[in-house]
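[1] Sequence plus the predicted model coming up.
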Amino acid sequence: MGQIEEANMSYGDVLTYHREVLVSRLRSIQCILDNLSACGFVCEEDVEIVQQTATKTDQVRKILDLVQCKGEEACEYFIYIIYKVCDAYIDLQPWLKEINYNPSNDVAVMEVVNTDPISRYSEKLRHEMSRDTCFIMSYGQREETRLEELYTDTLMELLNDCNESLGFLESLDQLLGDNAVFNPEGETIFVMGDAGVGKSILLQKLQNLWSKKGLQTDAIFFFKFRCRMFRIFKDTEQISLRDLLFKYNCYPDHDPDNEVFDYILRFPEKVVFTFDGYDEIQEDLDMINVPEVVSPEDKTHPLQLLISLLCGKLLKGSQKVLTARTGVELQSRVIRKKVALRGFSPAHLKTYINLHFKEQEHRELVSVQLDASPHLCGLCSTPLFCWIVLKSFRHLHTMHDSFYLPETCITLTDIFLLLSEVFLSHSASSAPSLLKKSTRCASETFRRGLRPLAAFAKLALQGMERGSFICSQEEITECGLTEEDLTLGFLRPVSEYDTSGGPATFEFLHITLQSFLAAFALVLDQQDAANSILKFFTECSRKRQPSCLPFDFCINASKPSEKKPFDTYEHLQFTNLFLSGLLSKAHASLIEHLVSPVFLKKKRALLKSYLSTSVKSHLHGLPSYNGEEGKKVHVLPNFLWMLRCIFETGSKDIAQMTAKGITAGLIKLGYCNVFSGDCTALNFVLQHRQKLLGLDMDNNNISDYGVKQLRPSFCKMTVVRLCVNQLSDSSIEVLAEELCKHKVVEVLGMWGNGIGDEGADAFAEALRHHPSLTNLSLSANVITSKGGKCLAEALKENSVLRIFWLVQNEMTDDAAPHLAELVRANTGLSHLWLINNQFTVDGIKHLAEALAHNTALKEICVKGNQLSEEEQKEFVAEKRLRFH
Ligand SMILES: Nc1ncnc2c1ncn2[C@@H]1O[C@H](COP(=O)(O)OP(=O)(O)OP(=O)(O)O)[C@@H](O)[C@H]1O
């Protein structure tokens, strides 16, 4: 027996023949009854008889008897229901295939209504998810922006378990797919990124796509959680998996037999989970004792449920996406694949600006202002900062006659001051005249808004001190905030933590805003001793100083209790950063309107002295080691925070002292999570450096904007290592110009960027007669034969270069004669690396011949090109041509 048509069986016979399969596999009886009765195949009495039958299997037997009595049409319709409502009858889908079922024309016109609890629940989830995710957070609950009107893709880099790049995701759709999975046993897709880079929005977009059936997945359930929620449970509180899913997402209606939960347990692969903000609970997780196995029926602490889900001890096979701040680590064995969010590329930024501003005039104005400031562009590559800058621009430009974005050296403090100014200008007392644009006076806006500002600041600081990001209505009132204040925009309500319909809870619009306001509170405070401004600095420095060597990621990952290569106290670090900014001289004229200048001076002096001392001791305590390029130090991530604070203070004295304090000839900032905005801070310090210095910033995210920011410092750099930093040709053009001007660089590492032929061309000219560059790496870029030819021709005339890496580019045999010419002519070159290009035996012949004329060249490595073992043998005589 097999195919219905071939066997020419009646549908009645099919049901008889397969009765056993049907009886054992058919669930969701109600949906069958609903449809049979809607089409008149069974009557009310029949339905009652079925429902009164004791067991499920007997109920199915009864239904089969009934439809078989009603004739062929009823029997086919019965099968058709199973065919149409495939989610509910998932167990019978293979059977339909086995009997090769195809609906006849007669039955295909009949309606089937899906009343199955599983499908209904899925629909309900989609409906609620769509409602919850269609808006993006905005100012003061006044204006709402639709997600689809503003969402812009960001750079999503795939990483392996040692955080090496595996390329980029082309679209969000691929996030759940199988590409770049480095650990098939792992259960969790780990998405990481800096504050405000768009992790939550990425999840929101994913959820929104799923709700509209726009995501390529056959998952029919999607549960979203914010990790922050798990902190509201008391230590002793215990809940079941069922409650976690249903109470904290949505409840299945009309499911008397618990079919939905049973289905989830049976088909976990049909479920997607998202957990946002793992960094916020990592501390709590470290403290709990994870049991080996958790049963889905048992009640336990919600954090244990979370861990069991992430590890696959519960609902193994379900898809989980977990987000966290960069540097927060998860055990490698749990991770299936890893994605690092890198923010907006220049093209994304352009798209985002266009989405933000409907008016061409605004688009152009903003673009011109951004183009003039690579530093601001660098900051705007972080979507949160970009959003604030553009929103503030729109608001302030509309309100005031002449508002332009600050041109030079805008700091993060400036950005958050702008946001606060916009919020405070919403308050009734400072409402502008509708008819006339007013002249902007920020200090006046802050002075008028001081009461609510101070109250929000107090609330933020209290939260920071408690380590809490949620505030209750009670705490809000205690800080003196009114209903009207809440509409200003600093806070937004959160609903998901409360299942009992109790009074609303709130959170700050973004955690960085809470950090900013907490810093404001420290500045405004005139009660406590002045040195209380340093409390978070002290707290951060108490944390263990971690290392940022790449290997630690892998090693630490297997030791959960020590798995923090970066601290998870970023919100405190941000508070310190904003404190430095608010106490800077640049903001004195504004802040002096709000707090006594005497106090301010005292606090500023304290901060300056603290920063000076800690920079000195940090630099002094760094382990140094001697390498080929002289004495090196590998600074710690905390150094980056110091640099950021120094830049915010704008203090030349501290910058000078820091520059002097770097005694090593080379500093390594590899894997330190440096982003483009940080390059301005680094440059601020390096400007004061008299001596030459090597800088190794491999494996960060500085992008072209960062290179532009570092431009003034290249004249002092002997080593420039910017491997794996999202650089394109425009960075190379900057570097090439600097190389021509200053002849000091000896080592240049640009491995793993997006450098193409234009970049290679620009570089070639700069290198033609360069007197000091001895080691150049352009490996793992996108240079084709055209670029290879330019480089080869120019380097013929360079007698200083010793080692040249062009591994893993896109060169073919077309480049070979030119490279051969280089080999022939340049007797200074000792190593040429051409691994993993596309040379064939013809190209390699050119190189082999040329080698015969250059006895000084030690080797050319051509492994991984397109030669068979047989073809390689042809070159066995030339020992310096290496294939292995
Ligand atoms: N892809 C995007 N398209 C448009 N706007 C975005 C995007 N990503 C982020 N934003 C803007 O930046 C804001 C902050 O983003 P989000 O909250 O997702 O950052 P995050 O990475 O989760 O930060 P944190 O780690 O601090 O929680 C968003 O509210 C939104 O305004």
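    Received it, and whenever you're ready, just let me know what you need. Since this is a predicted model, take the numbers as computed values, not measurements.
[2] ok, the residue of the chain found nearest the ligand - contacts?
    Per CB to the nearest ligand atom, Gly198 is where the chain lies closest to the ligand, at 2.6 Å. All C-beta atoms are positioned from the backbone trio N, CA, C, and that covers glycine. Contact analysis of Gly198 by CB atoms under 8 Å, 6 or more residues apart in numbering lists Thr154, Leu341, Gly343, Pro383, Leu384.
[3] correct me, but the third one touches Pro383?
    Which is Gly343. Yes - Gly343 is within contact range of Pro383, at 6.4 Å (criterion: CB atoms under 8 Å).
[4] Give me the common contacts of the two.
    With CB under 8 Å, 6+ apart as the test, Gly343 and Pro383 both reach Thr154, Val197, Gly198.
[5] In a markdown table: the residues you listed, plus secondary structure and pLDDT.
    Shown next, in a markdown table, are the shared contacts of Gly343 and Pro383 (DSSP: H, G, I helix; E, B strand; the rest coil; pLDDT from 0 to 100):
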| residue | secondary structure | pLDDT |
| --- | --- | --- |
| Thr154 | coil | 95 |
| Val197 | coil | 95 |
| Gly198 | coil | 95 |
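[6] How about the longest helix seen in the chain, which residues are buried there?
    Scanning the chain for the longest helix, with DSSP state H as the assignment, gives helix 597-621. Using 16 or more other CB atoms under 10 Å as the test for burial, helix 597-621 gives 599-600, 603-604, 606-608, 610-612, 614-615, 618-619.
[7] cool, and stretch 126-137?
    Neighbour-count burial for stretch 126-137 [16+ other CB under 10 Å]: Arg126, Met129, Asp132, Thr133, Cys134, Phe135, Ile136.
[8] just stretch 527-540 next, same as before
    Buried, per 16+ other CB under 10 Å, within stretch 527-540: Ala530, Ile533, Leu534, Lys535, Phe536, Phe537, Glu539, Cys540.
[9] before we move on, what about stretch 332-346?
    The neighbour-count check on stretch 332-346 (16+ other CB under 10 Å) flags 332, 334-346 as buried.
[10] still on that earlier bit, could I get the contacts of Gly198 as a markdown table with distance to Glu48 and secondary structure?
    Output for the contacts of Gly198, formatted as a markdown table (distance: CB to CB, whole Å; DSSP: H, G, I helix; E, B strand; the rest coil):
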| residue | distance to Glu48 | secondary structure |
| --- | --- | --- |
| Thr154 | 57 | coil |
| Leu341 | 57 | strand |
| Gly343 | 62 | coil |
| Pro383 | 59 | helix |
| Leu384 | 60 | helix |
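[11] quick revisit: just give me the closest of the shared contacts of Gly343 and Pro383 to Leu806.
    Thr154 (30.5 Å; CB to CB).
[12] Count residues in the vicinity of that closest one, would you?
    Residues lying near Thr154 (other CB atoms under 10 Å) number 24.
[13] now swap in Tyr121 and tell me
    Around Tyr121 there are 24 residues (other CB under 10 Å).
[14] Would you confirm that it contacts Phe221?
    Yes - Tyr121 lies in contact with Phe221 (CB under 8 Å); the separation is 7.3 Å.
[15] So, low pLDDT: which residues of the stretch 301-450 of the chain?
    Applying pLDDT under 70 to the stretch 301-450 of the chain picks out residues 400-408, 427-439.
[16] what's the neighbour count on Tyr705?
    Tyr705: 27 neighbours (other CB under 10 Å).
[17] what about the helices in the stretch 601-750 of the chain?
    Ranges of helices in the stretch 601-750 of the chain, per DSSP state H, counting those that start in this stretch, are 637-649, 652-661, 676-686, 703-710, 729-741.
[18] Residues of the chain that sit close to the ligand?
    For the chain, the residues in contact with the ligand (CB under 6 Å from any ligand atom) are 136-137, 150-152, 154, 193, 195-201, 277, 325, 383-384, 387, 510-511.
[19] If you tally nearby residues, what's the number for the closest residue to Thr774 other than its chain neighbours?
    With CB to CB, 6 or more residues apart in numbering as the criterion, Thr774 has its nearest non-adjacent residue at 4.6 Å, and that residue is Arg802. When neighbours are counted by other CB under 10 Å, Arg802 registers 14.
[20] Who are the contact partners of Arg802?
    Counted by CB under 8 Å, 6+ apart, Arg802 has contacts Thr774, Asn775, Gly828, Leu829, Ser830, His831.
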